[in-house]
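1. this is the structure alone, sequence omitted:
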């Protein structure tokens, strides 16, 4: 069996195992990748290749940024900042039609600025937002869909774990990726919020108005957001000036986040231990996905599938925009059937060189891929954010959550189109300022 064909067979086998046996993506990629390498070479050689690969990845100093960004998000979660965020944004937006859904999306966006995880954002905001919207008789699709869509911002808005992994894999500056992501994040957040207005315009009874707060109450709620903006500001300023690395910025935000929680008396010893425990669990999950993707990527490299795909595409001589949308379609389909981060890692060896060959900027391409990966979090059958929301809201079926999230899919497509039409104004204008 020729190398590239073997690579295609390996991908088919991987998806078959995922569907038929429901083995987690990390272990499936590791198993198929290792057996593939052993088949091409031999068992001993496979161990000799994969062992150093894993060591090089997990001994990387830059990878430590992931658990620290997760930890600061857990401090905020167990410190009760989710309630403060929701209360403050509710006072500003709750009196509009669909105001509670918009409140949820805005609170998700702010919480994402220190979390970096969509699952953490989904779990946190589900506990706060869903009961409130249920109290005001919001339609279940608008209720659950807005939480799921808002939670996807957790992997888009800096500090984004997806952007960190992309930066480490491609060798790009995490600071440039974070700053290049600011405007796309704002664009997508606004589009998701605008979708709520559209839904309520089409279905006026889906999102009743809440009570209107006075201006005094609105401004009085703003101090609750100060701690969040302090943490976000520290991360972004440190990366912008270049005085510290991304890892050092993450460590500083962890320390300051813990201090703020202790000063405000928001964190007990029990909640501190829960924060550590959840951070270890989520970090291990991410690292296992990275490990599985590294092994599978080694298998694809040996089969030369990525290089053959790149050569085949170059021979077709299609316009760059057609090739670009083919790549996007592959990410959308891949995000529907497996974990988005896992698919990102196994697809980058194939699509990243093609994108660079077409002349796309790596920082800009990272933002587009991050948005598409984010969209995969609310698409069936994997749609991890929808599963989390359905798990937290026991009375809302998973199918209802997915149906509610479908309303927001056009927001992601429009965001990508805007990035294509205005690459400098949306990404490069800020990323180029980073030292």
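-> Looks like it came in fine. Source: prediction; values computed, not measured. Numbers count the residues shown, from 1 in each chain.

2. dump the residue contacts of residue 160.
-> Neighbour list for residue 160: 116, 177, 178, 181, 370 [criterion: Cβ atoms under 8 Å, 6 or more residues apart in numbering]. C-beta coordinates here come from the backbone N, C-alpha and C atoms, glycine included.

3. pull the residues that contact the host helix or strand of the third one.
-> Secondary structure here is read from DSSP states H and E; on that basis residue 178 sits in helix 174-180. Residues outside helix 174-180 that contact it (Cβ under 8 Å, 6+ apart): 62, 65, 158-160, 163-164, 166-168, 235-236, 239-240, 242, 246, 363-364, 366-367, 427-428, 430-434.

4. can you tell me what sits against the helix or strand encompassing residue 325?
-> Following DSSP H and E, one finds residue 325 within helix 320-337. Identification of contacts with helix 320-337 by Cβ under 8 Å, 6+ apart yields 15, 18-19, 313, 316, 318, 343-344, 347, 351, 354-355, 358-360, 368-369, 372-373, 375-377, 379-383, 416, 420.

5. buried ones among these?
-> Buried members of the contacts of helix 320-337, counted by 16 or more other Cβ atoms under 10 Å: 18, 313, 343-344, 347, 351, 354-355, 358, 360, 368-369, 372-373, 375-377, 379-380, 382-383, 416, 420.

6. among those residues, which are located in helices?
-> Counting by DSSP state H, the buried ones among the contacts of helix 320-337 place 18, 313, 343-344, 347, 351, 354-355, 368-369, 372-373, 375-376, 416, 420 in helices.

7. from the residues you listed, which is closest to residue 302?
-> residue 347 (16.9 Å; Cβ to Cβ).

8. what separation do you get for that closest one and residue 431?
-> Computed as Cβ to Cβ, to the nearest Å, the residue 347 to residue 431 distance reads 23 Å.

9. swap in residue 219?
-> 34 Å.

10. same question for residue 370.
-> Residue 370 sits 13 Å away from residue 431 when distances are taken as Cβ to Cβ.

11. and residue 165, by the same measure?
-> As judged by Cβ to Cβ, residue 165 and residue 431 stand 18 Å apart.

12. quick one: pLDDT of residue 408?
-> On pLDDT, residue 408 comes in at 93.

13. that one and residue 89, how far apart?
-> 18 Å.

14. what do you get for residue 108?
-> According to Cβ to Cβ, residue 108 stands 9 Å off from residue 89.

15. hang on, the earlier thing: which of the contacts of helix 174-180 are buried?
-> Taking 16+ other Cβ under 10 Å as the criterion, what is buried in these is 65, 158-160, 163-164, 166-168, 235-236, 239-240, 246, 363-364, 366-367, 427-428, 430-431, 434.

16. spatially nearest residue to residue 61 (excluding sequence neighbours)?
-> Using Cβ to Cβ, 6 or more residues apart in numbering and skipping residues adjacent in sequence, the residue nearest residue 61 is residue 247, 6.4 Å away.

17. do residue 405 as well
-> Closest to residue 405 by Cβ to Cβ, 6+ apart is residue 378, at 3.9 Å.

18. just checking, that neighbour touches residue 408?
-> Yes: between residue 378 and residue 408 a contact is recorded at 6.9 Å, counting by Cβ atoms under 8 Å.

19. which one of those two has more residues nearby?
-> Neighbours per residue, other Cβ atoms under 10 Å: of residue 378 and residue 408, the larger number sits with residue 378, 28 against 23.

20. for that one, grab phi and psi.
-> phi -120, psi 20 (degrees, to the nearest 10).

21. residue 55 versus that one, what's the distance?
-> Using Cβ to Cβ, residue 378 is found at 36 Å from residue 55.

22. next, the most centrally placed residue in the chain: phi, psi?
-> Nearest to the geometric centre of the chain sits residue 155, at 2.2 Å (Cα atoms, centre = their mean). Dihedral pair for residue 155: phi -100, psi 0, per degrees, to the nearest 10.

23. can you pull the contacts of it?
-> 116, 117, 118, 161, 162, 340, 370, 373, 374, 377.

24. and for residue 228?
-> Residues in contact with residue 228, defined by Cβ under 8 Å, 6+ apart, are 76, 81, 85, 110, 111, 113, 114.

25. name the helix or strand for it, please.
-> Applying DSSP H and E, one finds residue 228 within helix 226-241.

26. average pLDDT for the helix or strand that that helix is followed by?
-> Next helix or strand after helix 226-241 toward the C-terminus (DSSP H and E): helix 246-263. For helix 246-263, the mean pLDDT works out to 84.

27. which element, helix or strand, includes residue 289?
-> Per DSSP H and E: helix 269-303 holds residue 289.

28. tilt between that helix and helix 246-263?
-> Angle, helix 269-303 to helix 246-263, by axes from the mean of the first three to the mean of the last three Cα atoms, to 10 degrees: 160 degrees.

29. so what does helix 269-303 touch, helix or strand wise?
-> Applying 3 or more Cβ pairs under 8 Å, 6 or more residues apart in numbering; DSSP states H and E, we find helix 269-303 packed against helix 3-21, helix 25-40, helix 43-58, helix 65-78, helix 118-135, helix 161-170, helix 340-357.

30. where does pLDDT dip in the stretch 251-400 of the chain?
-> For the stretch 251-400 of the chain, the stretches with pLDDT under 70 are 314, 337-339.

31. which positions in the helix holding residue 325 come out as buried?
-> In helix 320-337, counting by 16+ other Cβ under 10 Å, buried: 323, 324, 327, 328, 331, 332, 334, 335, 336, 337.

32. and stretch 56-68, by the same measure?
-> Neighbour-count burial for stretch 56-68 [16+ other Cβ under 10 Å]: 57, 63, 65, 66, 67, 68.

33. residues near the nearest residue to residue 225 once chain neighbours are set aside, how many?
-> Here the nearest residue to residue 225 in space, its sequence neighbours aside, is residue 88; by Cβ to Cβ, 6+ apart that works out to 5.5 Å. Residues contacting residue 88 under the criterion other Cβ under 10 Å number 22.

34. distance of residue 88 relative to residue 242?
-> Residue 88 sits 32 Å away from residue 242, going by Cβ to Cβ.

35. likewise residue 158?
-> 16 Å.

36. and what of residue 85?
-> 30 Å.

37. one more: residue 253?
-> Counting by Cβ to Cβ - residue 253 and residue 242 are separated by 16 Å.

38. do the same with residue 192
-> Shown here: residue 192 relative to residue 242, a distance of 32 Å by Cβ to Cβ.

39. out of the contacts of residue 228, which is nearest to residue 136?
-> Set against residue 136, the nearest of those by Cβ to Cβ is residue 85 (18.4 Å).
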